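> Mind looking at a prediction? Sequence and model below.
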Amino acid sequence: MRLPIVFACTLLVPVPLAADPISFTDHEGREVTLPAPAQRIASIPIPMASTLIAIDGATDRLVGMNPTAKSAIMEGILGRIFPEARDIPSDITAPNFIPNVEELAQVNPELVIQWAGRGPDYIDPITNAGLNLMTIRYGSEELTREYMTMAATAMGRPERIEPLIEWRAEVQADMEARTAGLADEDRPSVLYLLRAMDNLRASGTENNYNAWYHILAGGRNAAEDMVGGWADINVEQVATWNPDVIFLNSFEADLTLDRIMDDPILSLTNAAQNGRVYKMPLGGYRWDPPNQESPLTWMWTANLLHPDVFDYDLRSEMRTAYQVLYGHDLTDADIDEILWMDMQGGQANYAQFAAP
Amino acid sequence: MSVALDQAPRRARLALRLGVFPAMVVCLVLAMLYSISAGRFEVPWIRVVEILWARVWDLSGSADTMDERIVELVRLPRVLLAALSGAALAVGGAALQGVFRNPLVSPQVLGISQGGAFGGALAILLGFHGVVLLGMSFVFGLAALVLVGLLAHINGRTEVLTVILAGMIVGAFFAALVSVLQFLADPNSSLPAIVYWLMGSFSTATWARLGLAVPGMALGLALVWSLRYRLNLLALDEAEARSLGVNPDRERWFIFIAATMMTGTSVAVAGVIGWIGLVVPHAARLIVGEDHRRLIPASALLGAAYLVLIDTMARTLTAAEIPLGVLTALIGAPVFAVLLRQHFKRAWHA
């Protein structure tokens, strides 16, 4: 299950200076051709910056990123592991992903990464400036593996991506095997709230990554009657679903368990009554959406949903993964912080994650 | 375009009017009762009555079970807030239409809504909620109005046309500022909150929020009610009004401030809900005529019932909450088109 640590030493392999041209197809079906592995990469999508750092095990080749990606890195543990990330420019785009071509030209990237499927306004300024472009689509496990592979290919580091993909496939297969025999009534209903501070936004079913891994971990989507990927709901709707487990997002920085516990309605749900409300961890990236640390998310979720079925040693899995992904040895304090032990150590089934 | 005079035969109208207000009150009460019993969480009708009845007898009692809490802490404040906002927005629109002698005027035209939207969005961006958001929404609504006043005050006088033009300028300015805030907002945290809030919703209604909304809205409603006679004079030609001893500038400003209080407060507690101020006074005018002594209370009652029903649809039609601004526009625009056609057809044939 564990990400083989032997691959961490691939970090030490020097990047080849000259190589054959690189060619692959991106998520808009465009043929991307690079004369050599890209040494200077600008990333406009938010999660991609941390993925690039993870694939390379270093920040050297990231020359520009989304300001929100940068703030996420600087506020989280990645900023402590890679303090030099502070100096990477983040004005190549506004948070709205429209490229700033002047600034892009300034950092002179050999490859620019942008969202796929958002129309010419997001793409044309980059290609018109004569820059190499790779587009990525987001949301499912399959797409995640594809764009991580694309990024590794563009960086000329295919040896880095194999163990990462293998790790994902192994954890997924192991979880599928263990939950295969679960009857419907043994699957707790799970509500994931992407927004909870001002309005409540729940995961629907259509291509929703959170719903996907909740089912993978032996749960059932409480919002399974919801049309579309996401839906704004009210507290009454939550009361009607009466979920067994509630996961709060890690996007809203001020969001704590009190949001549920202090609410007159939400505090009466099964989840709140049984202490099964948790905030998603914030690691090298937020654990809610797909990213390089996803298998950790799945294992954390599975241990919480079915402590009787799953017993992943999360702390040790995290240590190995962070060593491989970022070349960093997690301290106990690091892990406690990522998992919000201070805030939710007392919740149901959470003691299993405490430092021994 | 001026408001067409009431052309229908007077006697027939009078007979109609005698029963119209009690009917409107009954409609409003029924709409509110229906709304309290409708929702995603099933509470039988009889149980709703039971819960409400128990509370009437024991105000100090606390809600313990889920159905009690849903009825008392979620639906009741929400329905009351929707009713109050509906009344305030409709009366604000009716009063402004009277002052400008223009049936297409609404708080949007004066830039009040845009100013309030900017204030609220700025509050969310800065991480403020609750009272601060309310305050900023109101202050910027008022700021928009003051800007309009300063821009439109030329050579010691304020003309209606310059006010409308100034309102368009200020409204466009604040709308642009809202766009700037959306551009700057963090797409992971504040941007979704701003976007959601701008679309309008009562889903965050609580007794505390209702308490915050009551002063501004009640004061605005009272102010317009006290000026209902004057509104009839203000609706006259500018020179005519002056000759009757009205100081149009000063009284207009009272109406503007009242409309700002009502619109700013409603924007703050529920986001931007368009079309109420435009559609409801029209419907009211078709029923009770042009006289503001009847038009103002009719607008308040109709607006309250209308928004209560719209909000009930928003929260019950689907498991997902439908944004109010979307519903009021989807329903409001065609209704407005029909009203407008009937209005002019009748004025034409009379």
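Alright, I've got the coordinates.
> Does the residue nearest to residue B:43 when sequence neighbours are not counted fall in a helix, a strand, or a coil region?
Excluding the flanking residues, the one nearest residue B:43 by CB to CB, 6 or more residues apart in numbering or on different chains is residue B:67, at 4.6 Å. Where C-beta positions appear, they are placed from N, C-alpha and C, glycine not excepted. At residue B:67 the chain is in helix, as set by DSSP: H, G, I helix; E, B strand; the rest coil.
> Same question for the one 4 residues further on.
Classification of residue B:71 into helix, strand or coil gives helix, according to three-state DSSP.
> what's around it, how many residues?
Applying other CB atoms under 10 Å in any protein chain shown, we find 24 residues neighbouring residue B:71.
> contacting residues for it?
Residue B:71 makes contact with B:36, B:43, B:48, B:51, B:52, B:63, according to CB atoms under 8 Å, 6 or more residues apart in numbering or on different chains.
> ok, now how distant is residue A:127 from residue B:47?
Using CB to CB, to the nearest Å, we find residue A:127 at a distance of 63 Å from residue B:47.
> Repeat that for residue A:197.
Taken as CB to CB, the span from residue A:197 to residue B:47 is 32 Å.
> who's more crowded, those two?
Between residue A:197 and residue B:47, counting by other CB under 10 Å, residue A:197 is the more crowded of the two (21 against 14).
> Could you double-check that that one lies in contact with residue A:249?
No: counting by CB atoms under 8 Å, residue A:197 does not reach residue A:249; the two are 9.5 Å apart.
> intersection of neighbour lists for the two?
Here residue A:197 and residue A:249 have residue A:255 as joint contacts, going by CB under 8 Å, 6+ apart.
> Check what contacts the helix or strand residue A:321 falls within and list those residues.
If you go by DSSP states H and E, residue A:321 is part of helix A:314-326. Residues from elsewhere that reach helix A:314-326, judged by CB under 8 Å, 6+ apart: A:1-5, A:7-8, A:53-54, A:57, A:78, A:81-82, A:163-164, A:167, A:283-284, A:292-293, A:295-296, A:299-300, A:303, A:328-330, A:332, A:335, A:338-339, A:352-353, A:355-356.
> what mean pLDDT does that helix have?
Helix A:314-326 shows an average pLDDT of 97 in the prediction.
> so how far is that helix off the chain centroid?
Mean-position distance between helix A:314-326 and its chain equals 15 Å (CA atoms, centre = their mean, to the nearest Å).
> Show the subsequent helix or strand relative to it.
Going down the chain from helix A:314-326, the next helix or strand is helix A:332-338, by DSSP H and E.
> what about that following helix, average pLDDT?
Averaging pLDDT along helix A:332-338 yields 96.
> Check which residues of that helix are buried.
By 16 or more other CB atoms under 10 Å in any protein chain shown, the buried positions in helix A:332-338 come out as A:334, A:335, A:336, A:337, A:338.
> Not counting its own residues, what contacts it?
Contact partners of helix A:332-338, identified using CB under 8 Å, 6+ apart, comprise A:77, A:281, A:282, A:283, A:315, A:318, A:319, A:330, A:341, A:342, A:355.
> contacting residues around the closest residue in space to the second one that isn't next to it in sequence?
In this case it means residue A:281. Leaving aside its sequence neighbours, residue A:281 sits nearest to residue A:287 (CB to CB, 6+ apart; 4.6 Å). Counting by CB under 8 Å, 6+ apart, residue A:287 touches A:250, A:280, A:281, A:293, A:294, A:296, A:297, A:300.
> Equivalent analysis for residue A:127, please.
Counting by CB under 8 Å, 6+ apart, residue A:127 touches residue A:133.
> any idea which helix or strand carries it?
Going by DSSP H and E, residue A:127 is part of helix A:120-128.
> Repeat that for residue A:142.
helix A:141-154.
> Between helix A:314-326 and the next helix or strand after that helix, find me the angle.
Remark: after helix A:141-154, the chain's next helix or strand is helix A:158-179, criterion DSSP H and E. Counting by axes from the mean of the first three to the mean of the last three CA atoms, to 10 degrees, helix A:158-179 lies at 160 degrees to helix A:314-326.
> Partner strands of the next helix or strand after helix A:158-179 and their direction?
For helix A:158-179, the following helix or strand on the C-terminal side (DSSP H and E) is strand A:189-195. Sheet pairing for strand A:189-195, assigned by DSSP bridges, gives strand A:200-203 (antiparallel), strand A:220-221 (parallel), strand A:245-248 (parallel).
> Go through those and pick out the most buried.
Mean neighbour count (mean count of other CB atoms under 10 Å in any protein chain shown) peaks for strand A:245-248 among these, with a mean of 26.
> and it, average pLDDT?
On average, strand A:245-248 scores 98.
> which residues sit against the worst-scoring helix or strand of chain B on mean pLDDT?
In chain B, no helix or strand scores lower on mean pLDDT, DSSP states H and E than strand B:157-158, which sits at a mean of 71. Residues outside strand B:157-158 that contact it (CB under 8 Å, 6+ apart): B:149, B:152, B:249, B:252.
> can I get those in JSON lines with secondary structure?
Shown next, in JSON lines, are these (three-state DSSP):
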{"residue": "B:149", "secondary structure": "helix"}
{"residue": "B:152", "secondary structure": "helix"}
{"residue": "B:249", "secondary structure": "helix"}
{"residue": "B:252", "secondary structure": "helix"}
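> Who wins on neighbours among these?
Counting neighbours by other CB under 10 Å, residue B:252 leads the contacts of strand B:157-158 with 23 neighbours.
> which residues does it contact?
By CB under 8 Å, 6+ apart, the contact set of residue B:252 is B:99, B:158, B:163, B:234.
> Contacts only, for residue A:101.
By CB under 8 Å, 6+ apart, the neighbours of residue A:101 are A:125, A:126, A:128, A:129.
> picking that back up, mind exporting the C-alpha coordinates of the helix holding residue A:127 to PDB?
The C-alpha trace of helix A:120-128 is given here as PDB (Å, rounded to 0.1, in the frame of the first residue of the first chain):
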ATOM      1  CA  PRO A 120     -10.400  30.600 -26.500                       C
ATOM      2  CA  ASP A 121     -10.000  33.500 -24.000                       C
ATOM      3  CA  TYR A 122      -8.000  31.300 -21.700                       C
ATOM      4  CA  ILE A 123      -5.900  29.700 -24.500                       C
ATOM      5  CA  ASP A 124      -5.400  32.100 -27.400                       C
ATOM      6  CA  PRO A 125      -3.400  34.800 -25.500                       C
ATOM      7  CA  ILE A 126      -0.800  32.100 -24.700                       C
ATOM      8  CA  THR A 127      -0.500  30.500 -28.100                       C
ATOM      9  CA  ASN A 128      -0.700  33.800 -29.800                       C
END
